[in-house]
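[1] Need a 3D model of the sequence below.
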Amino acid sequence: MATYNKRGYKPKTKKEKEEVEEILDSESTTAEVFSTLDEGANKTEEWVTRNQNTILYIIGGLAIVFILWWAYTQFILGPKSEEAVAEMTQANIYYNDAINATGDVQDSLYTLALEGGNGKFGLTRIIEEYSGTEAANLANYQAGMAYLNLGGTNYQKAIDHLTAYKGGDSVLESISLAGIGDALVQVNQTADAVSYYMQAAETNPNDFTSPKYLLKAANAALATGDKSTAIEALEKIESMYADADEASTAKVLLGQAQASGN
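    Numbering: from 1, shown residues only. The predicted structure is shown next:
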């Protein structure tokens, strides 16, 4: 091929002529490609030049946001979180004692957990003062469950706090979803409760709580005439939790729901 590139060389045969033409075409195509790339690079450079101030503003803005976020987490949120945990210790004691108590004693302990005692904040004050911390998030869960157990006029407060709690795919998230369902039933919003029970069963699937929540979903669905959802929940108990205590009740309800649907 080097021979073809010599100045003044003339191909002697038809085959050589075709090879030379092919090489020249290839070189021409390559040149066009590099020319196109050069044009694209030039356009990019021109665009950067025209918009360099905007680009610098964006980069500077992102840097400022990162610095502010870092400073907030290091110097504000960090100490705030530690303070919240320390402040919440007494409320936790009241809350845990309430879980194991009964009757009026339980109500009193839940109230102390919510309102505070011994010079320490209660759960509601922790939520207000330490918003954004994990302690405040947990306080929403505990406050919601406390209001749910106190009952009476407290069900909407239970719904509000349990809805505010963000637990991810955790045991407490599952319990909080079921708690919202329980509270909705108490305020005569049974149809809305069904989806919360179903979510509770799916958030942390296990042989103990999932069949309980599915049975609650089925009962709530049947109470509102939603037979298809009731059957779905009952069939899940039958197929996935056949050994659960709720399985026998679910079997009876499933038969009734299927029979009434025909």
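[2] for the stretch 51-200 of the chain, which spans come out with low pLDDT?
    Scanning the stretch 51-200 of the chain for pLDDT under 70 picks out 51-80, 169.
[3] those strands in it, which residues are they?
    Secondary structure of the stretch 51-200 of the chain by DSSP state E, counting those that start in this stretch: the strands cover 116-117, 120-121.
[4] Distance to D182 added to the ones you listed, as TSV?
    The C-beta positions use only the backbone N, C-alpha and C, and glycine is treated the same way. Below are the strands of the stretch 51-200 of the chain laid out as TSV (distance: least, Cβ to Cβ, whole Å):
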stretch	distance to D182
strand 116-117	26
strand 120-121	27
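[5] Could you say which of the ones you listed is packed most deeply?
    Among those, strand 120-121 has the highest mean neighbour count (mean count of other Cβ atoms under 10 Å), at a mean of 19.
[6] Which neighbours in the sheet does that strand have, and how are they oriented?
    Applying DSSP bridges, strand 120-121 is found paired with strand 116-117 (antiparallel).
[7] and for the partner strand, what are the contacting residues?
    Applying Cβ atoms under 8 Å, 6 or more residues apart in numbering, the external contacts of strand 116-117 come out as 90-91, 94, 122, 125.
[8] Now rank those residues by neighbours and give me the top one.
    The most crowded member of the contacts of strand 116-117, judged by other Cβ atoms under 10 Å, is A91 (29 neighbours).
[9] Isn't it up against A146?
    No - counting by Cβ atoms under 8 Å, A91 stays clear of A146, with 9.6 Å between them.
[10] any common contacting residues for the two?
    With Cβ under 8 Å, 6+ apart, A91 and A146 have common neighbours 113-114, 123.
[11] could those go into a markdown table alongside neighbour count and distance to Q156?
    Listed next are those as a markdown table, based on neighbours: other Cβ atoms under 10 Å; distance: Cβ to Cβ, whole Å:
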| residue | neighbour count | distance to Q156 |
| --- | --- | --- |
| A113 | 28 | 19 |
| L114 | 24 | 15 |
| L123 | 31 | 16 |
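[12] so which of the residues you listed would you say is closest to V185?
    When the shared contacts of A91 and A146 are ranked by distance to V185 (Cβ to Cβ), L114 comes first, at 22.1 Å.
[13] Isn't the closest one up against F121?
    No - L114 is beyond contact range of F121, at 10.3 Å (criterion: Cβ under 8 Å).
[14] Spit out the residues that contact the two alike.
    With contacts defined as Cβ under 8 Å, 6+ apart, the residues shared by L114 and F121 are A91.
[15] which residues touch the residue lying closest to Y130 once chain neighbours are set aside?
    Spatially, and ignoring its direct neighbours in sequence, Y130 is nearest to A84 (3.7 Å; Cβ to Cβ, 6 or more residues apart in numbering). Listed by Cβ under 8 Å, 6+ apart, the contact set of A84 reads 126, 129-130, 133, 135-136.
[16] Try it again at 6 Å.
    The contact partners of A84, taken as Cβ atoms under 6 Å, 6 or more residues apart in numbering, are 130, 133, 135.
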